[in-house]
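1. Quick check, what structure comes out for this input:
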Amino acid sequence: MRKFATTILILTSVLGYSQTSLSFQHLGNATFQNTMINPSLIPEGKFFLGLPVISGIHANVNNKFSYNEGFTVESTRTLIDVPKIIGNLQRQNIVTSKVEVNLLHLGYKLKSGALLSFVANERVEADFLYSKELVEYVFTSGNSRFLNEDVKISRIGLRATHFREFGLGIAAPVNDQLTVGLRAKMLIGFANASLPGGTKAILNTNGEAFQIDAEWKKATLRTSGFDIYDKTVGDINSHLVMNGNKGFAIDIGGTYKLNRYYTITGSLVDVGFINWKENIKNYSLADTSFNYSGVNLEDLDDIEQTLEDSLFSKFETTDTFDPYKSWLPMTGYGSWIYHYSPKTDFYISVGSRLVQRQIKMMYGGGITQKFGKAFTGSISVTKLPQQFFNVGAAFTVKGGPVQMYMAADQVINFSVPDAKAFDFRFGMSFAFGSRPEKDPASGLSRSPIAGAKGLDTNVFLGKKVKTKKRDGIYSIIKRQKRRELKNKRTKRDGAVDKKSLNGRTGKKNTSGE
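-> Below you'll find the model as predicted:
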């Protein structure tokens, strides 16, 4: 258990925060993959196909400090600069990572405009939430700052999960303004390590003996599947195909067009859980007292053994094998969109992610521009948790049925050793039967009129006519033939016309009428 806990701590500290950026979201419904963020989006096309791996890869990391802010290289050794790391921390911190690979997706649009879809994704995620005070207490040699006082450590969270999801979804227009979407997902869990949430500790250091008294609350590390990964039990191949760790989740979303200029969108994804039943090992920390003089971290190569000898070996644990349930980090997205022109949209967006009972927020704004029928691009400014403002970009290119997309944050002056966060997406898939739709003012295009032919259909003098193109609020149609006016006059009308005619010619009426 101690070696396992050390490994989890190292991995989550080196990696970063797993919250999707908003740059890709600002492409609207330009790709099928955008429906993963909001299931109510309906992309242009009739049939959609995504092949394994190449159809979508997403990697996201975010940390409070960069590599250069925490490590230095001397000769062949990598040294850890603990004071520098502590100096970069805020009161509450989170480090996490996320890697998601699309295994397959299928989509078919019905005549009614509704979209039916199937998706399969492989996902690996990790989150570690901690306070600055905890790091100071653990890594300050001798704990001289905290002698003879109670240190209350709260809001500690940990989750690391490898799972696969299979989803069936539908998105359908309710009326001309509202479109709703729902995706139901079956989950298969492969490995998990997590705290139950609400973990707390009260630590007191005796000033004379440097003895620590520790009281724990909800300090149970729950694990599943790791012995199978180590190949000490079970069969890893069959475990990664199907096992008893099952779960369920839903994604819901909506798109509402206030008028021709404004649209609002919103979604909640990953509302669900996984029940862990196989290869369970739970480790509960008991209240304990031990002598502790701090952790002296210098060489990155020795970090695992140092933490094991100095810290984790001091803990007393109780092992259990009870099944448990873990919840996915629920994520919400919302956007307000201003359709400036048929090909230009402005976005203001907000996102939130619920991790171990803690909410993390992000904000952003951007512009999305269409260039012809083949290219759509967006530029965004986003504010992620723990980070300053980032500049990101995304684009998609179409060539026949083939569509490629790419999205990235921190596209300006990006450097891996100095980066604290980045979000990268790439994929290539197929969209068949794609055609321009009515009012292509944004990535949230309106559906064409049922039964219409040509680009679009309007009404001119009571008759349906084909629209050649749109220019702002105007519709360009073909020149129409002159229409003949048919007047049916009565005898009285004829008499009146005859009198009028005589009056205009100056002739008298001699007929006696």
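2. could you measure residue 404 against residue 50, distance?
-> Counting by C-beta to C-beta, to the nearest Å, the separation of residue 404 from residue 50 is 12 Å. In short, each C-beta sits where N, CA and C put it, glycine included.
3. who touches both of those two?
-> residue 427 (C-beta atoms under 8 Å, 6 or more residues apart in numbering).
4. Of those two, which one has the most company?
-> It is residue 50, of residue 404 and residue 50, that has more neighbours when counted by other C-beta atoms under 10 Å, with 25 against 15.
5. Contacts only, for that one.
-> Residue 50 makes contact with 32, 33, 56, 102, 104, 105, 106, 427, 429, 430, according to C-beta under 8 Å, 6+ apart.
6. hmm, which of those are the buried ones?
-> 32, 33, 56, 102, 104, 105, 427, 429, 430 (16 or more other C-beta atoms under 10 Å).
7. now, which of those sits nearest residue 86?
-> The shortest approach to residue 86 among those belongs to residue 56, at 38.0 Å (C-beta to C-beta).
8. how many neighbours does residue 337 have?
-> Using other C-beta under 10 Å, residue 337 has 25 other residues around it.
9. That one pairs with what?
-> residue 263, residue 347 (DSSP bridges).
10. how close does residue 467 get to residue 389?
-> In this view, residue 467 and residue 389 are 42 Å apart by C-beta to C-beta.
11. who's more crowded, those two?
-> Between residue 467 and residue 389, counted using other C-beta under 10 Å, the more crowded position is residue 467 (17 against 10).
12. From residue 29, how far off is that one?
-> Residue 467 is 21 Å from residue 29, where distance means C-beta to C-beta.
13. Test my guess that residue 223 contacts residue 189.
-> No - at 11.7 Å, residue 223 does not count as touching residue 189 under the criterion of C-beta atoms under 8 Å.
14. In a markdown table: the contacts of residue 50, plus distance to residue 86.
-> Formatted as a markdown table, those follow (distance: C-beta to C-beta, whole Å):
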| residue | distance to residue 86 |
| --- | --- |
| 32 | 45 |
| 33 | 39 |
| 56 | 38 |
| 102 | 39 |
| 104 | 45 |
| 105 | 44 |
| 106 | 50 |
| 427 | 39 |
| 429 | 45 |
| 430 | 50 |
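15. how about the residues you listed, which pair is most distant?
-> Going by C-beta to C-beta, the pair spanning the contacts of residue 50 furthest: 106 and 427, at 14.8 Å.
16. what about the stretch 151-300 of the chain, any weak spots by pLDDT?
-> For the stretch 151-300 of the chain, the stretches flagged by pLDDT under 70 are 206-212, 287-300.
17. rerun at 90
-> For the stretch 151-300 of the chain, residues meeting the criterion pLDDT under 90 lie at 151-159, 195-221, 230-234, 283-300.
18. likewise the stretch 401-513 of the chain?
-> Applying pLDDT under 90 to the stretch 401-513 of the chain flags residues 408-423, 433-513.
19. repeat that for 50
-> Along the stretch 401-513 of the chain, the model assigns pLDDT under 50 to residues 436-443, 445-455, 490-501, 504-513.
20. Please narrow the buried ones among the contacts of residue 50 to those residing in strands.
-> 102, 104, 105, 427, 429, 430 (DSSP state E).
21. Give me the distance between the last one and residue 80.
-> For residue 430, the distance to residue 80 equals 47 Å [C-beta to C-beta].
22. show me where the protein has helices.
-> In the chain, the helices defined using DSSP state H lie at 2-14, 67-70, 82-88, 132-139, 226-229, 236-239, 303-310, 491-505.
23. And the strands in the stretch 1-150 of the chain?
-> Assigned strands in the stretch 1-150 of the chain, in chain order: 47-50, 57-62, 71-74, 77-80, 92-109, 115-131, 150-173 (criterion: DSSP state E, counting those that start in this stretch).
24. can you redo those strands as JSON lines with distance to residue 482?
-> Putting the strands of the stretch 1-150 of the chain into JSON lines (distance: least, C-beta to C-beta, whole Å) gives the following:
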{"stretch": "strand 47-50", "distance to residue 482": "44"}
{"stretch": "strand 57-62", "distance to residue 482": "59"}
{"stretch": "strand 71-74", "distance to residue 482": "81"}
{"stretch": "strand 77-80", "distance to residue 482": "84"}
{"stretch": "strand 92-109", "distance to residue 482": "41"}
{"stretch": "strand 115-131", "distance to residue 482": "44"}
{"stretch": "strand 150-173", "distance to residue 482": "39"}
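25. Looking at those, which is nearest to residue 398?
-> Comparison of the strands of the stretch 1-150 of the chain against residue 398 by C-beta to C-beta identifies strand 47-50 as nearest, at 12.5 Å.
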